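K.L.:
just coords:
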């Protein structure tokens, strides 16, 4: 006698009423057939909910996170998964090797690790265990401080990125640092710095202002934490910022770099760094302190907002260093919200004493981010207007062959005293430029009629 299946009995409850009906299940039965073990219809070529649920349930007593909410969340995800990419598991810290700290994000630290087991890809009938992929390969661990006390927000965040949708990085499971007791996510290792995130394709991908403000809030928050702890980053640029899931991680943090005026990376005969992000007083051999970090932050804010590398039309040589000391800054155009432009100009002021602290930058950016969700806000309207204008523009840009965005030793003696733009400094730069006529300057903004925009003042 042929058994009549009620297809919905074998589908997770959360998918039955909304996304999978009996007619679709009948189609899947035709496409994928019956499970060889239980003779029930499969949801896809390799997934049988009935068998897999039994396998997960049989192991519930073999693991625990030590947190009932997390245990319940993981088990629920496992029992409602409809394919292997949706599986989440508890990953014991002892299964992670070669743990290396790579940076700090707004909500905690990030590490690179070797995960001995790798992630689940199928059920191995021969071995009667889960088959896995990328065993012993490199993954990232993203620590989430306060996870146990703010679990609801964590769940909402993780569910939206659980299986790598929306262009975000897939999460494979949850672990716990035994030293700090902080919980953490184990996620795919993707070597993607901020530059590749901003310029991953041509034309460059368009990110709305909400995304950009989230990035800037992350960076400012981390920098505030670094400064508040008495340290200085001293080499801040988009090359050492990474995107992990939906957050920004700051890397290359030297916790031996205290926030005093000791010129750890700056010397009387040169400086190490990426020229467009280096404060003018540092180019002249001055100390790399918190104010110098703020200058770098201002350039990063401009770059994220405009989605264009700073000084990409210029050779990164002594002439550019001279012009920076004389007040040259990346060009601010109408695609920049005025409120944000004003804050950026304060960050890269020639006088370090006029620059805001990282905490103030974070407060402003987070406030704008909060207001972006309020349709009645003037700030939201301002950002939405320039967002529309920005999307109408081409994102393809020429980069000068001598524009170098990696850290190197720079030695530019006899640079002028740093100052903000003025008519006198403009004519001084024209004179400097005239002495270097053999160098092709491709800066299309170099015009006396538009000098106020050139210098961002």
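P.N.:
Arrived safely. As the structure is a computational prediction, the values presented were derived from the model and not from experiment. Numbers count the residues shown, from 1 in each chain.

K.L.:
start to end distance for stretch 74-89?
P.N.:
Taking Cα to Cα, to the nearest Å, the first and last residues of stretch 74-89 lie 6 Å apart.

K.L.:
Name the residues of it that come out as buried.
P.N.:
Buried residues in stretch 74-89, counted by 16 or more other Cβ atoms under 10 Å: 74-75, 77-79, 81-82, 84, 87-89. To be clear about C-beta, it is placed using only N, CA and C from the backbone, and glycine gets the same treatment.

K.L.:
cool, stretch 345-365 as well?
P.N.:
345-350, 352, 355-358, 360-365.

K.L.:
give me the element residue 293 is part of.
P.N.:
Take DSSP states H and E as the rule and residue 293 turns out to sit in helix 290-306.

K.L.:
and that helix, what does it pack onto?
P.N.:
In terms of contacts (3 or more Cβ pairs under 8 Å, 6 or more residues apart in numbering; DSSP states H and E), helix 290-306 is packed against helix 194-198, helix 209-228, helix 280-283, helix 338-347, helix 358-371.

K.L.:
Could you name the helices and strands sitting against the third one?
P.N.:
In this structure, helix 280-283 packs against strand 270-273, helix 290-306, helix 318-325, with contacts taken as 3+ Cβ pairs under 8 Å, 6+ apart.

K.L.:
Deepest-packed of those, please.
P.N.:
Of all the helices and strands packed on helix 280-283, helix 290-306 carries the top mean neighbour count, a mean of 24, counting by mean count of other Cβ atoms under 10 Å.

K.L.:
Need the three-state assignment for the nearest residue to residue 327 once chain neighbours are set aside.
P.N.:
Distances taken as Cβ to Cβ, 6 or more residues apart in numbering place residue 421 nearest to residue 327, at 3.6 Å, with adjacent residues excluded. What DSSP: H, G, I helix; E, B strand; the rest coil gives for residue 421 is coil.

K.L.:
again, but for residue 187
P.N.:
What three-state DSSP gives for residue 187 is strand.

K.L.:
and residue 402, how many neighbours does it have?
P.N.:
11 (other Cβ atoms under 10 Å).

K.L.:
sorry, that was for residue 184
P.N.:
26.

K.L.:
for it, what are its contacts?
P.N.:
By Cβ atoms under 8 Å, 6 or more residues apart in numbering, the contact list for residue 184 reads 108, 141-144, 174-177.

K.L.:
Just the buried residues out of these, in PyMOL syntax.
P.N.:
Here is the PyMOL command that selects the buried residues among the contacts of residue 184 (16+ other Cβ under 10 Å):
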select buried, resi 108+141+142+143+144+174+175+176+177
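
K.L.:
between the contacts of residue 184, which is closest to residue 28?
P.N.:
Among these, residue 174 lies closest to residue 28 (Cβ to Cβ), at 30.5 Å.

K.L.:
Tell me if I am right that residue 250 is in a strand.
P.N.:
Yes. Applying three-state DSSP, one finds residue 250 inside a strand.

K.L.:
Which residues does it form beta bridges with?
P.N.:
Following DSSP bridges, residue 250 is listed with bridge partners residue 104, residue 241.

K.L.:
Of the contacts of residue 184, just say which sits nearest to residue 120.
P.N.:
With Cβ to Cβ as the yardstick, the closest approach to residue 120 among the contacts of residue 184 comes from residue 174, at 14.2 Å.

K.L.:
State the distance from the closest one to residue 102.
P.N.:
19 Å (Cβ to Cβ, to the nearest Å).

K.L.:
what do you get for residue 64?
P.N.:
Separation of residue 64 from residue 102 (Cβ to Cβ) stands at 28 Å.

K.L.:
Look at these two and report which has more neighbours.
P.N.:
More crowded of residue 64 and residue 102, by other Cβ under 10 Å: residue 102, with 19 against 12.

K.L.:
quick one: the more buried one from residue 179, how far?
P.N.:
Distance from residue 102 to residue 179, by Cβ to Cβ: 17 Å.

K.L.:
rewinding a little: in JSON lines, list the helices and strands packed on helix 280-283 along with distance to residue 51 and mean pLDDT.
P.N.:
Below are the helices and strands packed on helix 280-283 laid out as JSON lines (distance: least, Cβ to Cβ, whole Å; pLDDT from 0 to 100):
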{"stretch": "strand 270-273", "distance to residue 51": "57", "mean pLDDT": "85"}
{"stretch": "helix 290-306", "distance to residue 51": "47", "mean pLDDT": "96"}
{"stretch": "helix 318-325", "distance to residue 51": "64", "mean pLDDT": "95"}
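
K.L.:
With respect to residue 132, which of these lies nearest?
P.N.:
Closest approach to residue 132 among the helices and strands packed on helix 280-283 is made by helix 290-306 (37.4 Å; Cβ to Cβ).

K.L.:
ok now that closest one, how far from the chain's centre?
P.N.:
15 Å (Cα atoms, centre = their mean, to the nearest Å).

K.L.:
Could you check the angle that helix makes with helix 209-228?
P.N.:
Here the directions of helix 290-306 and helix 209-228 differ by 170 degrees (axes from the mean of the first three to the mean of the last three Cα atoms, to 10 degrees).

K.L.:
before we move on, back to that, which one among the buried residues of stretch 74-89 gets closest to residue 233?
P.N.:
Using Cβ to Cβ, the buried residues of stretch 74-89 come closest to residue 233 at residue 88, 33.9 Å.

K.L.:
which element is the nearest residue to the closest one once chain neighbours are set aside on?
P.N.:
Counting by Cβ to Cβ, 6+ apart, residue 88 lies nearest to residue 77, which is 4.4 Å off, once chain neighbours are set aside. Taking DSSP H and E as the criterion, residue 77 maps to helix 68-80.

K.L.:
quick check: mean pLDDT across that helix?
P.N.:
The average pLDDT within helix 68-80 is 90.

K.L.:
Neighbouring strands - and their directions - for the helix or strand just after that helix?
P.N.:
Next helix or strand after helix 68-80 toward the C-terminus (DSSP H and E): strand 89-90. Here strand 89-90 has these sheet partners by DSSP bridges: strand 171-176 (parallel).

K.L.:
now the angle from the partner strand to helix 68-80?
P.N.:
Using the same axes, to 10 degrees: strand 171-176 against helix 68-80 is 160 degrees.

K.L.:
what separates strand 171-176 from the chain centre, distance-wise?
P.N.:
Counting by Cα atoms, centre = their mean, strand 171-176 comes out at 19 Å from the chain centroid.

K.L.:
Phi and psi next, for residue 101.
P.N.:
Main-chain torsions, residue 101, degrees, to the nearest 10: phi -70, psi 130.

K.L.:
re the thing from before, which one of the helices and strands packed on helix 290-306 lies closest to residue 60?
P.N.:
Closest to residue 60 of the helices and strands packed on helix 290-306 is helix 209-228 (Cβ to Cβ; 35.8 Å).

K.L.:
Which elements pack onto that closest one?
P.N.:
Right, helix 209-228 is packed against strand 96-105, strand 247-251, helix 290-306, helix 358-371, helix 378-390 by 3+ Cβ pairs under 8 Å, 6+ apart.
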